[in-house]
Structures are given as C-alpha cells and as structure tokens.
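K.L.:
Show me the folded form of this:
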Amino acid sequence: MKRTIAILAVPGVQLLDVSGPLDVFAEANTLLHREVYDLKIVTLEADTVRASSGIEVMGHLRLDDCETFRPDTFLVAGMPNAARRTFSHDVTAGIKTLCERSRRYGSICTGAFLLAEAGVLTNRSVTTHWSSADDLAKAHPDLRVDKDALYVADGPVRTAAGVTSGMDLALRLVEEDLGGELAKDIAGNLVMFFRRPVNQGHYVRSAELSLSGREALQELQRWAITHLGSIHSLKDLADHIGLSTRHLNRLFQQQLNTRPGEWLEACRISQVKQMLESSDVPLKTIASAVGYSSADSLRRAFIRQMGMTPPMYRRLHLRSVY
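P.N.:
Alright, predicted model coming up:
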C-alpha cells in the first residue's frame, strides 16, 4: 500500500529539513523498485517557497487546498528564528487539521514550534534543536521537551532534533513501516548511521564554560575552570569562596538553576573533549589534569554525559597535529 508523506515548508524553511527526509523515503522507493512512498511538499500561499539558503522549492499543493488531503504522515520542517515567528490562525488551524487526518505527524527541528502553536503537542514528549529547546519549553510549558534527544516518539507524534536528524527521523519511520533491514540498506546507501552513537549533547559547542550568576560566583567559576586538576570535592569549591557546601549548593541553585557538582562535571567534560580533540595523550593523564581520580572515573562520567567512550570520541574528532 502506498503511503503519502507530506512535509510542510514555510517561507524561510531550512532546505535540508525538507530534502533530507524526502531523500530517505525516495531511497526506499528505489531499493524496492516501486513507489511505496508518495512524496508531497505542502506550501502556505504560493506555489513555491524560498528557503533560508535562497533556493526556491516547488510545492505540490498549498495548505488551503488540503480540504480533502489525508496523508499517512505529515511533518513540519523547521526554519531559523522559529521562536520569534508568528503565523495566522488559518495556518495553525490548517496544520491541526492535517495532523488530525494523518496516521502520524511530527516535526523536523524547529517545526515543533508550529505544531505546538497548533495545539497538537499538548502533554506530549518532544524534541527540537538544542539551541531552541529552552525557548520551546518556556513558550509551551505543557510539553515535555527533551533537549538531548535526536528523535522522540510519543503516540502518533514523531519529532526530530534538527537539520540532519530529520534524516534519522525518516529512517525510523521507514523502519516502522517496512522493517529494519530495509532501513539499514538505506542508511548504508546514504552513508549515514542507522543508529547514531550520540545524542544532541554531543554537538553542543558553545557556552559550555560560560560564566553566570553574581560577581562572587563568577569569580569562583573562573578559578574552578583554571584549577580543575586540584579540585577533588565540593568542599574545595566551598572553601575557596568561604561558604559551607550547603550554602554553595543553595547559591548555585538560585543563580544557575543547577547543582555545583553538575556544573563542575560539565566543565571537566568540556575540557576532556578539547584534550581528546587536540592531542593523543593517555586517558589517565587527561583524568588527572581535570580532577578525576582515575581513568575509569573519567570514562564513566564521559559516557554519562556524551553517550560514548572517550576513545570513540577521540576517533571521531581528533584533529591532525602538525
């Protein structure tokens, strides 16, 4: 049975949010030598839509022409600055109608904002691009936003983290429909992971060591970042600032909305990543440099934060040293 996949592309859409998933579904058609998936691009008011890259995309039908359209799967592609964009009631109503008519529906990247505005994600677990996850959670507190996940399925809802993870989402949908072996063949042909070994936290590159809070706390953060190897407990942090560990914990909770131990581990892992990317020094040496008691302690913490072992991370990211 042919399944119709419809992707809504609004003005300014991220092109890969549209083309990436469609290529996954098209590869299924190629491998099976028949049209299992009928692929449609839905636009708003015009027959074409201009992507954020400047490329013009031709749509198959417009949202206001979908009175009788019933896709098997309806997805909303993302776009830059989605948190600050607004759409008319007619648009959100049209999105809601297509979601209700579809067997499953979802979003790629920040397309989750449009689904949330349409009221079809209430009390659902979802994900979106890590840089927009907090904005989505704040704007729609009725959602359970997983900012680390690449892909989340909840009932009929399927959401993907961002950009290339739209291809991960499409691969999971093919797996649901046609089985894992075909999905693995597609992944191989498109030179992509069948299951990525990492989640979104792996890709976060900025603000990991940012300083927050009041002046005294910022001074403590600066000192800690440059003295990780000599910090062996929270008491070392508390003693530096002249507080009890209980008071230090309360200060971090009030100013940073986190625990000092969590902040300290994030700093350590950030420096570990930098050392793994730029050198081939032994793990034991790295552990000592950032304050872990042993390479095993570092390994456990790294897996907990990054979802992979330090050697695996190094193989993926080690830069040539000249």
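
K.L.:
For the rest of this, base every contact and every neighbour count on C-alpha atoms.
P.N.:
Fine.

K.L.:
what stretches of the stretch 51-200 of the chain score poorly on pLDDT?
P.N.:
197-198 (pLDDT under 70).

K.L.:
in it, which spans are strands?
P.N.:
56-58, 61-62, 73-76, 104-108, 125-126, 144-145, 151-154, 157-160 (DSSP state E, counting those that start in this stretch).

K.L.:
The second one pairs with which strands, parallel or anti?
P.N.:
It refers to strand 61-62. strand 37-43 (parallel) (DSSP bridges).

K.L.:
Can you verify my assumption that residue 35 contacts residue 1?
P.N.:
No - with contact defined as C-alpha atoms under 8 Å, residue 35 does not count as touching residue 1 (9.2 Å).

K.L.:
Just want the most central residue of the protein.
P.N.:
Geometric centre of the chain, nearest residue: residue 161, 3.2 Å, by C-alpha atoms, centre = their mean.

K.L.:
Which residues are in contact with that residue?
P.N.:
Residue 161 makes contacts with 108, 109, 110, 127, 128, 129, 130, 147, 149, 150, 151, 200, as judged by C-alpha atoms under 8 Å, 6 or more residues apart in numbering.

K.L.:
just checking, the fifth one touches residue 114?
P.N.:
No - look at residue 128 against residue 114 with C-alpha under 8 Å: they stay out of range, at 11.6 Å.

K.L.:
between the two, who's got more neighbours?
P.N.:
Set side by side, residue 128 and residue 114 show more neighbours around residue 128, with 32 against 24, by other C-alpha atoms under 10 Å.

K.L.:
Next, give phi and psi for that one.
P.N.:
phi -160, psi -180 (degrees, to the nearest 10).

K.L.:
residues touching it, list them.
P.N.:
108, 109, 110, 111, 112, 145, 146, 147, 159, 160, 161, 162.

K.L.:
same thing with residue 144?
P.N.:
123, 124, 125, 126, 137.

K.L.:
out of everything not next to it in sequence, what's closest to the last one?
P.N.:
Leaving aside its chain neighbours, residue 137 sits nearest to residue 145 (6.0 Å; criterion: C-alpha to C-alpha, 6 or more residues apart in numbering).

K.L.:
thought the one you found was touching residue 129?
P.N.:
No - between residue 145 and residue 129 there is no contact under C-alpha under 8 Å: 10.4 Å.

K.L.:
didn't residue 125 look like it was pressed against residue 156?
P.N.:
No - applying C-alpha under 8 Å, one finds residue 125 not in contact with residue 156, separated by 11.1 Å.

K.L.:
So these two - more neighbours on which side?
P.N.:
Counted by other C-alpha under 10 Å, residue 125 and residue 156 do not tie: residue 125 has more neighbours, with 18 against 14.

K.L.:
related to what we said a few turns ago, for the contacts of residue 161, which entry has the maximal number of neighbours?
P.N.:
Neighbour max across those (other C-alpha under 10 Å) = residue 108, 34 neighbours.

K.L.:
do you know how far it is from residue 131?
P.N.:
14 Å (C-alpha to C-alpha, to the nearest Å).

K.L.:
Show me what counts as buried in stretch 259-273.
P.N.:
Of the residues in stretch 259-273, 260, 263, 264, 265, 266, 267, 268, 269, 270, 271, 272, 273 count as buried by neighbour count, 16 or more other C-alpha atoms under 10 Å.

K.L.:
Quick one: low-confidence residue ranges for the stretch 201-322 of the chain.
P.N.:
For the stretch 201-322 of the chain, the ranges with pLDDT under 70 are 202-214, 319-322.

K.L.:
show me where it has helices.
P.N.:
For the stretch 201-322 of the chain, the helices defined by DSSP state H, counting those that start in this stretch occupy 215-226, 234-241, 245-256, 260-278, 283-290, 295-306, 310-317.

K.L.:
and the longest one, what other elements does it pack with?
P.N.:
The criterion is 3 or more C-alpha pairs under 8 Å, 6 or more residues apart in numbering; DSSP states H and E, and the helices and strands that helix 260-278 contacts are helix 245-256, helix 283-290, helix 295-306, helix 310-317.

K.L.:
from these, which stretch is densest packed?
P.N.:
Comparing the helices and strands packed on helix 260-278 by mean neighbour count (mean count of other C-alpha atoms under 10 Å), helix 283-290 comes out on top with a mean of 19.

K.L.:
Give me the angle between it and helix 260-278.
P.N.:
Helix 283-290 and helix 260-278 are oriented at 130 degrees to each other (axes from the mean of the first three to the mean of the last three C-alpha atoms, to 10 degrees).

K.L.:
Residue 274 versus residue 112, what's the distance?
P.N.:
Taken as C-alpha to C-alpha, the span from residue 112 to residue 274 is 32 Å.
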